[in-house]
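Asks: Next one to model:
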Amino acid sequence: MLLETQNLGYTYPSSKREILREINVCFEPGEIVALVGDNGCGKTTLTKLLVGILKPSTGRVCLAGNDITIMSLAEIGRQIAYVFQNPSQQIFCSTVEEEIAYGLKNMGLPQEEIESRTSYYLDYFELSSYRQTFPQSLSQGEKQRLMLAVVLAMHPRYVILDEPTTGLDIYRCKLLGDYLLRIKEDGYGVIFVSHQAKFIETYADKVMRIEDGRVTED
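Replies: Next comes the predicted model:
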């Protein structure tokens, strides 16, 4: 299921400057793509366009050939998951287990399937010992792993992370990168925004640079 943009452009309503213009890029399942560029160049704007949080000023974002503007945010979210720079903003349940199960319940899955997926992704991200822990008490890295567990439990096709290395030390950056490689190997497409050159060099298959509103591949 290919995620792509076609002549995509965006101008913020409060500004006349077109921050993105004529963006034509493709994101493949099973690859890790880094979005790079100076602050304010439009990296996060592009990710928000990819998940339908923002609507294009021109052009379109397509998933499997279909314009995502015809889809609801919930429908998009089941195919293209988004993890914010501060994962605390996405956490609202009382326990780690409930956090993962919440989205699965909203999908209407049978209880047995909910329990199976919850346990699987607790193990996958080494969070089983935190099953009954209050999520906001977790460390930054653990919260990030929790949000990855939450979104992957819903089996999307793509996962987008905005500045995922913010607040992580060297060890936790490596841990995150190793998880991204595992996610990639499981067939998911991964897109992340970052300024950390070493992390990008180590884990990205492809680097897309945004400059003067356009994208080039390094």
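
Asks: Could you use CA atoms for every contact and neighbour count after this?
Replies: Noted.

Asks: Just the local confidence number for the closest residue in space to residue 165 that isn't next to it in sequence, please.
Replies: Closest residue in space to residue 165, ignoring its immediate chain neighbours: residue 173 at 6.0 Å, by C-alpha to C-alpha, 6 or more residues apart in numbering. pLDDT, residue 173: 92.

Asks: cool, residue 139 as well?
Replies: So, for residue 139, pLDDT stands at 92.

Asks: burial of it, as a residue count?
Replies: 12 (other C-alpha atoms under 10 Å).

Asks: Can you report phi and psi for it?
Replies: The phi/psi pair for residue 139 (degrees, to the nearest 10) reads phi -70, psi 170.

Asks: Could you shift the numbering so residue one becomes 316, and keep it that way?
Replies: Renumbered: residue one is now 316, and that last one reads residue 454.

Asks: Doesn't the residue nearest to residue 480 lie inside a strand?
Replies: No: counting by DSSP: H, G, I helix; E, B strand; the rest coil, residue 488 is located in no strand; its state is helix.

Asks: hang on, residue 403 packs against residue 451?
Replies: Yes: between residue 403 and residue 451 a contact is recorded at 6.7 Å, counting by C-alpha atoms under 8 Å.

Asks: what residues are shared contacts of the two?
Replies: residue 458 (C-alpha atoms under 8 Å, 6 or more residues apart in numbering).

Asks: List the contacts of stretch 495-508.
Replies: Here stretch 495-508 has contacts from 342-351, 358-359, 471-479, 518, using C-alpha under 8 Å, 6+ apart.

Asks: per-residue confidence averaged over that stretch?
Replies: Here the average pLDDT along stretch 495-508 is 96.

Asks: and what of stretch 396-406?
Replies: Per-residue scores along stretch 396-406 average to 92.

Asks: Start and end of that stretch, how far apart?
Replies: The first and last residues of stretch 396-406 sit 15 Å apart, counting by C-alpha to C-alpha, to the nearest Å.

Asks: Just grab the bridge partners of the residue nearest to the spatial centre of the chain for me.
Replies: The residue lying closest to the centre of the chain (C-alpha atoms, centre = their mean) is residue 475, at 1.8 Å. Residue 475 has these beta-bridge partners by DSSP bridges: residue 397, residue 506.

Asks: Please, where are all the helices along this structure?
Replies: Using DSSP state H, the helices of the chain run over 358-365, 388-394, 411-421, 426-439, 455-467, 485-500, 512-518.

Asks: Among those, which comes closest to residue 381?
Replies: Of all those, it is helix 388-394 that lies closest to residue 381, at 11.2 Å by C-alpha to C-alpha.

Asks: Name the residues of the closest one that are buried.
Replies: Neighbour-count burial for helix 388-394 flags 391, 392, 393, 394 (criterion: 16 or more other C-alpha atoms under 10 Å).

Asks: now do stretch 504-520
Replies: So for stretch 504-520, counting by 16+ other C-alpha under 10 Å, buried means 504, 505, 506, 507, 508, 509, 510, 514, 515, 518, 519.

Asks: now do stretch 338-351
Replies: 338-340, 342-351.

Asks: Longest strand in this protein, please.
Replies: strand 318-326 (DSSP state E).

Asks: That one - contacts with which helices or strands?
Replies: strand 333-338, strand 341-342, strand 373-378 (3 or more C-alpha pairs under 8 Å, 6 or more residues apart in numbering; DSSP states H and E).
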